[in-house]
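K.L.:
quick one, fold the following:
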Amino acid sequence: MLTIPADVLTAAGVSLLSAAGLPAKQAVVATDHLVESNLVGHDSHGVIRIPYYVKGLRSGELAPVGNQKVVRETPSTLVLDANHSFGIVLAYDAMREAVKRAQIYSFGAVAVHRSGHIGRLGAYPVLAAEQDCIGVILLNGGAQFMAPFGGTARRLPPNPIAIAVPSADGSPLMLDMTTSVAAGGKVDVQLARRQPLPEGWLIDAGGNPVTDPERFRGSDVAMLPLGGPLGHKGYGLAMMIDAIAGGLSWAGCSAEEPTRGGSGYLALAIKIDSFIDPDEYKREIQKLADWVKSSPLMPGVKKIYVPGEVEEESRHRRLAEGVPVEEATWDAISEAAAELGVALPAV
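P.N.:
The predicted structure is shown next:
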């Protein structure tokens, strides 16, 4: 395992994505997102994705943001055909547009289909929380690798959801979760680290547990819904996110051949001031956090965390100590750099 300073990873990412065809400003936005994902501990959505994005840009499967099309619009809503635009960059734009409309109409929503991979969902609703709005993003996207509750075959994507609300201390309360046991990228991280998967993530066609991450690449295994063998609630949530994000975005709900395919998501902003004074709302959120944290601790537990707090602790620690990066991940980044003729910083 290597330990690389965040600024070194940022310089490498910007150089690679720019060389692959992403305009400089968009390359900065995308790379900042990826490095931040590593900083907050979500390595599955961090720089491990750079070679994937480079490949997509070079092949034409991904395009710079700017060629998306408006397909339906009302004063408070917008539906976009992303036309394979670079997902991370467009998702920030979508959430900002949702906030802009919410500031006028109390609710703002932007639905997007045919988008490139949008990375870590938790980065987007925070933009709304910073503007005294509640931010929500739901995604019907990623590969269909999750089995339904009681089933063994791949039928659903991980269908994540992220929500952020402002709080009195300035740090938003932020939830970012998949409705599968884990994100697919976390399997890639385990593979890069040459570590087996925890039992309860994957099953084979007979319902038997699978711990070899290499087998995830095949179609004969599926991931369980959130909750594992008792994951009926994770499965139910996945279905409803699919119905909302897939249906409203025009991407189409999960099927053998989704209607328009690609990532379909809904970015929603709710103006707090339309309901209650924002400062009073933030005080209520702080009361909630303080009340929950006042609980006696389970044996061996040092602290109760509220949603988003683990990520912030990781950010501070990794900014100071550096970001752990698998040697296999850095080798893949180095290989992409060699193909593009980009010189990487020494690590």
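
K.L.:
what's the most centrally placed residue in the chain in contact with, if anything?
P.N.:
Nearest to the mean C-alpha position of the chain, by CA atoms, centre = their mean, lies residue 120 at 2.3 Å. By CB atoms under 8 Å, 6 or more residues apart in numbering, the contact set of residue 120 is 33, 36-37, 40, 42, 45, 176. All C-beta atoms are positioned from the backbone trio N, CA, C, and that covers glycine.

K.L.:
from those, which land in helices?
P.N.:
33, 36-37 (DSSP state H).

K.L.:
of those - the most surrounded one?
P.N.:
Counting neighbours by other CB atoms under 10 Å, residue 37 comes out on top of the ones in helices among the contacts of residue 120 with 25 neighbours.

K.L.:
tell me the contacts of that one?
P.N.:
Per CB under 8 Å, 6+ apart, neighbours of residue 37: 43-46, 119-120, 123.

K.L.:
next, format the contacts of residue 120 as TSV and append distance to residue 107 and pLDDT.
P.N.:
Output for the contacts of residue 120, formatted as TSV (distance: CB to CB, whole Å; pLDDT from 0 to 100):
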residue	distance to residue 107	pLDDT
33	26	98
36	28	98
37	28	98
40	28	98
42	28	96
45	28	96
176	22	97
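
K.L.:
nearest to residue 81, of the residues you listed?
P.N.:
Proximity of these to residue 81 (CB to CB) peaks at residue 33, which lies at 22.2 Å.

K.L.:
pull up the gap between residue 51 and residue 34, please.
P.N.:
Look at residue 51 and residue 34: by CB to CB, to the nearest Å, they are 11 Å apart.

K.L.:
which one of these two is surrounded by more residues?
P.N.:
Neighbours were counted for residue 51 and for residue 34 using other CB under 10 Å; residue 34 has more, 25 against 20.

K.L.:
quick check, pLDDT for that one.
P.N.:
Note on residue 34: pLDDT of 98.

K.L.:
these two touch, right, residue 289 and residue 167?
P.N.:
Yes. Using CB atoms under 8 Å, residue 289 is in contact with residue 167, at 6.7 Å.

K.L.:
list the residues that contact both of these two?
P.N.:
Common neighbours of residue 289 and residue 167 are listed as residue 173 (criterion: CB under 8 Å, 6+ apart).

K.L.:
now residue 308: closest residue in space that isn't a chain neighbour?
P.N.:
Nearest residue to residue 308 in three dimensions, chain neighbours excluded: residue 174, at 3.4 Å (CB to CB, 6 or more residues apart in numbering).

K.L.:
roughly how far apart are that neighbour and residue 63?
P.N.:
Taking CB to CB, one finds residue 174 at 30 Å from residue 63.

K.L.:
more crowded one of these two?
P.N.:
The neighbour count for residue 174 versus residue 63, taken as other CB under 10 Å, is higher for residue 174 (24 against 18).

K.L.:
who does the helix or strand hosting that one pair up with?
P.N.:
Per DSSP states H and E: residue 174 is located in strand 173-177. Note on strand 173-177: by DSSP bridges, its sheet partners are strand 161-165 (antiparallel).

K.L.:
buried stuff in the host helix or strand of residue 267?
P.N.:
Assigned by DSSP H and E, residue 267 falls within strand 263-271. Buried positions in strand 263-271, judged by neighbour count with 16 or more other CB atoms under 10 Å: 263-271.

K.L.:
over to stretch 45-63?
P.N.:
45-51, 53-54, 56-57, 62-63.

K.L.:
now do stretch 144-164
P.N.:
144-149, 151-152, 154-164.

K.L.:
report the mean confidence score over that stretch.
P.N.:
Throughout stretch 144-164, pLDDT has a mean value of 97.

K.L.:
would you mind writing the CA trace of that stretch as CSV?
P.N.:
Extracted as CSV, the C-alpha positions of stretch 144-164 are listed here (Å, rounded to 0.1, in the frame of the first residue of the first chain):
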residue,chain,number,x,y,z
GLN,A,144,-27.3,-4.5,-12.4
PHE,A,145,-25.5,-6.8,-10.0
MET,A,146,-27.9,-6.9,-7.0
ALA,A,147,-30.3,-9.8,-6.4
PRO,A,148,-33.8,-9.1,-5.2
PHE,A,149,-34.7,-10.3,-1.7
GLY,A,150,-35.3,-14.1,-2.0
GLY,A,151,-33.6,-14.3,-5.4
THR,A,152,-30.2,-15.3,-6.7
ALA,A,153,-29.9,-13.5,-10.1
ARG,A,154,-28.7,-10.0,-10.9
ARG,A,155,-31.7,-7.8,-11.4
LEU,A,156,-31.1,-4.4,-9.8
PRO,A,157,-28.3,-1.8,-9.6
PRO,A,158,-27.0,-0.7,-6.2
ASN,A,159,-29.5,2.3,-6.4
PRO,A,160,-27.8,4.6,-3.9
ILE,A,161,-29.4,7.6,-2.2
ALA,A,162,-27.7,10.6,-0.5
ILE,A,163,-29.3,13.3,1.7
ALA,A,164,-27.8,16.4,3.3
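
K.L.:
ranges for the strands of the stretch 1-150 of the chain?
P.N.:
Per DSSP state E, counting those that start in this stretch, the stretch 1-150 of the chain carries strands over the ranges 2-4, 69-73, 77-81, 107-115, 133-140.

K.L.:
whoops, I mixed them up, the stretch 201-347 of the chain
P.N.:
Using DSSP E, counting those that start in this stretch, strands in the stretch 201-347 of the chain cover 202-204, 209-210, 221-223, 263-271, 323-325.

K.L.:
looking at the ones you listed, which is closest to residue 107?
P.N.:
Closest among the strands of the stretch 201-347 of the chain, once you apply CB to CB, is strand 263-271, at 5.8 Å.

K.L.:
fine, thanks again, bye for now.
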